[in-house]
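J.: Test case, fold it:
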Amino acid sequence: MADEQDGRDDSPAQVEDSAPDLRILGDRITLQPSGFVAPSKGSLGDEKEEALMKNMARFRSEPLQFLREVSLYVSGTGWRAYDDVIGQPVFYPGYTEHIKSQVMSATLLQAKIAQLAEMRLAVEEKQGLLNKNDRNFETKRNQRRSVLVQSLQEVAEQLTDNMVCKMESKTFIRGAYYMVTQLLLRAYHQGIHVSSEEVLRLRNVAREAEKKGQSIIFLPCHRSHVDYVASQLLCYRLGLTMPVVVAGDNLNFPLVGNFLQHAGAMFIRRSFGDDQLYTTLVQAYIDVLLQGGYNFECFIEGGRSRTGKLLPPKFGILSFILDSILSGRVQDTVICPVSYQYDKVVETEGYVTELLGVPKKKENLADFLSGGSSVLSLRLGRVDVRFHEPWSLRGFIDEQVIRLSKVPSSINWKDMKNPIVRQKLLRTLGYKVLADINDVSVVMPTALIGTVLLTLRGRGVGRAELIRRVEWLTARVRAKGGRVAHFGNTPVSDVIERGLEVLGKDLVGVAEGLAETTYYAVDRFQLSFYRNMTIHLFISEALVAAALYTRVKRGGGPAIQDIPYQDLHNQVLFLSSLFRGEFIYSGEGLAVNLEKTLMGLEADNVVFLERDELTGAITKVGLSDAERAAGRENYDFYCFLIWPFIEASWLASVSIMGLTPPLGQKDDIWIQFSKAQESAQLLGKTLYHQGDLSYFEAVNKETLKNSYQRFEEEGIIQVVKSKDPKVPPRMRLAPEWRPARDEISGVLIASGRLWDFTEKIASSRREGKNRRDGATVSTRVVRLTDDLGQKLFEEAIAGTDGSKKGKGKGKGKGKGAAPARLSREEEKILTADLKESKRRRTLENRAHL
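T.: As a prediction, the model looks like this:
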């Protein structure tokens with residue numbers, strides 16, 4: 001059957017080339033250990049993996065094989081029929097109506113419809129539309145209730161039809177699979193690779209879940225639109241029930257939206273607002289899927305990562321899933337974190353544009369088709385998909401409740417209706433999934449190359465040095481428990497050559513005609529996407545290196561550059577708290593993690609540790625003699641990883657100084673959040689070109705946004721979100737954090753709480769060419785941020801977006817602007833939010849800035 005179905009997959013050339021250990025025979029998938037060839041010394045791969053999907057035959061080059069493959073799909077031969085799948089049956093006539101009827105009859109939804117009808121009746125009674133003194137009041141009221149319920153039912157039915165996936169036809173999905181595979185594997189010409197052990201384990205878990213009537217919830221990272229395409233293709237190829245995939249309704253545009261919905265997409269709004277009916281409808285739909293044992297998929301990060309690293313978890317859909325379990329409507333479900341890694345992400349060029357502040361374009365058919373046609377001509381390497389070991393959500397909840405109950409607290413952690421308990425479980429769940437994704441993520445050759453190029457001093461690197469550093473980085477990745485993409489017996493030099501070819505000359509340039517071929521980063525901003533794919537493995541070392549840099553940057557001898565352990569501890573604590581929203585840390589706690597990291601760096605001969613003779617406790621940390629002799633190359637590597645993020649936080653901190661109200665301004669003026677962020681980016685670009693900022697990627701919109709979010713959590717800035725969706729979020733610098741102004745000139749004074757905070761960040765940053773200018777730098781930077789801040793205040797007070805002056809009469813109601821002052825209702829909301837934030841910070845009992 002294998003030769004009939006897979007054509008060239010089992011040829012001897014393939015066995016030698018890719019060391020196949022995954023044999024697919026019809027609907028059976030088995031492990032073939034004898035097919036695995038151990039990688040030779042000097043190659044990158046050491047894991048058993050196989051390209052599950054390889055390029056199909058093309059009509060021009062292999063017309064007979066092409067026609068044969070098409071006939072197999074048309075006739076539905078073997079696995080292509082998609083008949084004998086593991087899990088609930090899908091793709092049959094009547095599937096959509098079956099699901100819709102279950103959603104519409106859900107007790108939860110019907111109760112909400114009845115409640116909303118009663119709420120409307122109460123309003124109409126209050127308005128006098130229903131007269132209680134009328135002798136036929138009850139009859140009229142019941143008739144009106146029936147009308148309202150019927151109206152709400154119709155609205156819910158329409159919303160359901162727009163939302164639910166419509167897996168109706170096997171003919172459709174067979175054709176869609178063939179077409180999409182053809183397109184995808186032309187772009188990613190080296191195929192989609194999986195780990196054979198993980199695939200076999202997943203199929204076994206799926207069989208058990210099927211017996212118990214449980215769903216598998218796939219929770220992948222999100223780097224590209226290709227993610228959900230790859231997930232559906234893999235489930236189809238592996239013979240698993242294809243999951244219902246949560247997708248934003250921005251993808252529901254003509255033709256494409258209909259295609260995606262019939263292939264498994266569940267379209268939801270980006271924001272639910274206060275729409276109780278819609279919120280309940282989504283919950284009811286998820287309940288139906290999980291109660292029926294249908295597989296489900298949503299992206300833990302919400303949107304695509306534009307930076308290359310994992311984003312903080314989004315809790316929207318996750319909260320619906322958790323509620324299904326905690327409420328008892330669903331007994332249990334299986335969680336499967338998934339990692340998608342690419343040699344090259346096709347959207348990175350567009351990501352750079354967005355991160356530099358250009359508004360994201362709305363998806364449309366013309367861009368979709370033109371983008372697809374251009375992708376076909378690319379050679380983007382391969383896609384690697386890794387499945388973490390699945391686990392029971394119910395088991396996770398029970399484990400967390402037992403763990404939390406052991407900690408002395410006034411909270412009853414067994415009370416599943418307590419919002420504090422639910423929020424704690426939700427956050428822990430989200431970050432566990434992210435940690436699991438990081439655990440199984442594969443580092444691609446392009447990520448290794450990008451990381452090396454961006455963590456070396458100098459303009460470029462010679463070929464021999466590039467190979468040496470990639471080999472060193474590969475060893476470090478493995479030592480940290482990470483995985484490197486498997487390339488069988490291929491030498492590192494050949495793998496690097498493939499990676500450079502995929503990255504292309506727009507990202508990595510080649511200086512020829514020299515004594516040695518030399519490579520250099522052309523587009524550092526875009527290349528940073530690939531460097532960020534490795535940073536999670538070394539975040540502890542990077543934080544330690546940045547903390548140690550507070551002394552190393554002083555120069556001089558070792559005695560000057562060594563740092564007392566307590567000072568190092570304090571700076572690491574500060575930095576790790578600062579980047580709490582950027583990175584995922586070990587759950588062992590700072591003290592344990594810091595000691596492990598220092599011991600590891602000592603073993604690697606990067607640092608030396610001075611210990612107390614009696615207690616053995618670490619008292620001092622410094623660079624080792626061996627590291628100094630090596631030109632600090634390994635220490636610098638860790639610094640280069642974290643410096644761009646430190647720069648971005650420093651920039652964000654400097655930028656909010658400009659939000660200090662002008663001298664004589666008595667009323668609080670609220671600045672539109674997006675405009676403050678745009679101003680920060682403008683400040684960053686200016687400082688970069690003037691030499692005060694070392695990394696252009698510090699103006700990254702996403703990283704600045706995360707910094708602002710962190711500042712809001714700490715109460716440094718205050719943000720108000722109006723109930724009116726047309727009014728954008730606004731912000732101000734918290735009064736207690738505002739710098740002082742000179743009483744005569746009104747100039748900002750570079751001192752005070754915010755300036756000290758900024759200086760603490762700056763102590764670990766790699767400063768630009770003006771780093772030795774001291775007061776000159778602070779004076780110039782403060783003046784610049786204050787000038788930009790004054791413009792924001794002027795625009796806000798004038799109620800204009802900068803293009804129209806004088807409208808709104810000081811209330812900020814010009815077109816495109818937000819009100820500069822809060823309404824009474826908004827002031828009440830702000831007071832409540834600040835109180836809640838303070839309570840939450842106390843409850844979290846975590847280190848704060």
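
J.: Name the residue closest to the centre of this structure, please.
T.: residue 311 (2.8 Å; Cα atoms, centre = their mean).

J.: That residue: what secondary structure?
T.: Going by DSSP: H, G, I helix; E, B strand; the rest coil, the secondary structure assigned to residue 311 is coil.

J.: Skipping adjacent residues, who's closest to it in space?
T.: Nearest in space to residue 311, with sequence neighbours left out and distances taken as Cβ to Cβ, 6 or more residues apart in numbering, is residue 301 at 4.1 Å. Bear in mind the C-beta positions are built from the backbone N, C-alpha and C, glycine included.

J.: so who does the one you found touch?
T.: 221-222, 310-314 (Cβ atoms under 8 Å, 6 or more residues apart in numbering).

J.: quick one on the thing from earlier: contacts only, for the residue nearest to the centre of the chain.
T.: By Cβ under 8 Å, 6+ apart, the contact list for residue 311 reads 301-303, 305, 702.

J.: so how far is residue 302 from it?
T.: Counting by Cβ to Cβ, to the nearest Å, the gap from residue 311 to residue 302 is 7 Å.

J.: so where's the stretch 701-849 of the chain uncertain?
T.: Applying pLDDT under 70 to the stretch 701-849 of the chain flags the ranges 767-777, 800-817, 841-847.

J.: cutoff 90 now
T.: The model of the stretch 701-849 of the chain has pLDDT under 90 over residues 702, 721-727, 743, 746, 749-751, 766-781, 797-849.

J.: how about the helices of it, start to end?
T.: Using DSSP state H, counting those that start in this stretch, the helices of the stretch 701-849 of the chain run over 701-713, 753-762, 775-798, 824-844.

J.: just these: most buried one?
T.: Most buried of the helices of the stretch 701-849 of the chain, by mean neighbour count (mean count of other Cβ atoms under 10 Å): helix 701-713, with a mean of 21.

J.: The helix or strand hosting residue 401: which residues count as buried?
T.: Element membership for residue 401, per DSSP states H and E: helix 393-405. By 16 or more other Cβ atoms under 10 Å, the buried positions in helix 393-405 come out as 393-394, 396-397, 400-401, 404.

J.: now stretch 557-572
T.: 561-563, 565, 568-569, 571-572.

J.: Stretch 730-743 now?
T.: Going by neighbour count (16+ other Cβ under 10 Å), the buried part of stretch 730-743 is 730-734, 737-739, 741.

J.: the longest strand in the chain is where?
T.: Longest strand in the chain, counting residues (DSSP state E): strand 334-342.

J.: so what are the domain limits for this structure?
T.: Domain assignment for the chain by automatic domain parsing gives 49-88+167-243+295-440, 442-533, 536-631, 643-844.

J.: average model confidence for the second one?
T.: I take that to be domain 442-533. In this model, domain 442-533 has an average pLDDT of 91.

J.: Span of it from start to end?
T.: By Cα to Cα, to the nearest Å, the extent of domain 442-533 from end to end equals 9 Å.

J.: After the helix or strand where residue 205 lies, which helix or strand is next?
T.: In this assignment (DSSP H and E), residue 205 forms part of helix 196-212. Per DSSP H and E, the first helix or strand lying C-terminal to helix 196-212 is strand 216-220.

J.: Pull out the CA atoms of the helix or strand just after that next one and give them to me as CSV.
T.: The helix or strand immediately downstream of strand 216-220 is helix 226-238, counting by DSSP H and E. Extracted C-alpha coordinates of helix 226-238, given in CSV (Å, rounded to 0.1, in the frame of the first residue of the first chain):
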residue,chain,number,x,y,z
VAL,A,226,0.5,28.8,7.9
ASP,A,227,0.1,27.5,11.5
TYR,A,228,-3.6,26.5,11.2
VAL,A,229,-3.1,25.2,7.7
ALA,A,230,-0.3,23.0,8.9
SER,A,231,-2.3,21.7,11.8
GLN,A,232,-5.3,20.7,9.7
LEU,A,233,-3.0,19.0,7.1
LEU,A,234,-1.2,17.0,9.8
CYS,A,235,-4.4,15.8,11.5
TYR,A,236,-5.8,14.8,8.1
ARG,A,237,-2.5,13.0,7.2
LEU,A,238,-2.3,11.3,10.6
